[in-house]
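1. I'll drop the sequence and a predicted model, then ask my questions.
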Amino acid sequence: MAWSGLVVIGVCVGGAYLAFLAFLLYRGKKARAMLSWPETTGTVSRSLLDRHGAGMTSTAYEPRVTYRYEAYGVPHVGTRLAFDVKRYPDRKDAQAVIDRYPENSTVPVYFNPGKPEEAILDREYRSNWPLLIFLASCCLIAIISSIVLGKYYNPDG
């Protein structure tokens, strides 16, 4: 492969890392905004486990909760537990989540003040900083390597 092709590949890989890094930063900003959402009280109307996959594939369990709440005097129905959808390979771990939200129980609900129909029950957020630092490093290495390769590589010797 010609050195110019390697440079193009390096720049493309660096660009892909950069795009994914931007996506993670955007998601992190949105998740951090949820930490300041106002709280109201809701009632769990349904709580169950969904099973995904079976047979030859791996099986995962997803807790599903439906709850009713009011925001600014308007009734809403929510189904999101947290910022990210979580699936568990172990049924006991998923059941432990469901056990926190028994049907007809009263729960705190956190809603988006700009879009009150958007709500969550769990504001827990884990930072992605280690992954972001790793991706930024990979991006820089790919782009700098491409530039150095393009500048100093002489295929004719």
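-> Structure's in. What do you need? Numbers count the residues shown, from 1 in each chain.

2. now the element after the longest strand seen in the chain, going C-ward?
-> Counting by DSSP state E, the longest strand found in the chain is strand 39-52. Counting by DSSP states H and E, the next helix or strand C-terminal to strand 39-52 is strand 60-71.

3. name the helices or strands packed onto that next one?
-> Contacts defined by 3 or more Cβ pairs under 8 Å, 6 or more residues apart in numbering; DSSP states H and E place strand 60-71 against strand 39-52, strand 74-78, helix 91-99, strand 106-111. C-beta: built from backbone N, CA, C; applies to glycine.

4. so which of the ones you listed is the most surrounded?
-> Looking across these with neighbours counted as mean count of other Cβ atoms under 10 Å, the highest average goes to strand 106-111: a mean of 18.

5. between strand 74-78 and that one, find me the angle.
-> In terms of direction (axes from the mean of the first three to the mean of the last three Cα atoms, to 10 degrees), strand 106-111 departs from strand 74-78 by 100 degrees.

6. would you mind getting the angle between strand 106-111 and strand 39-52?
-> Here strand 106-111 runs at an angle of 100 degrees relative to strand 39-52 (the same axes, to 10 degrees).
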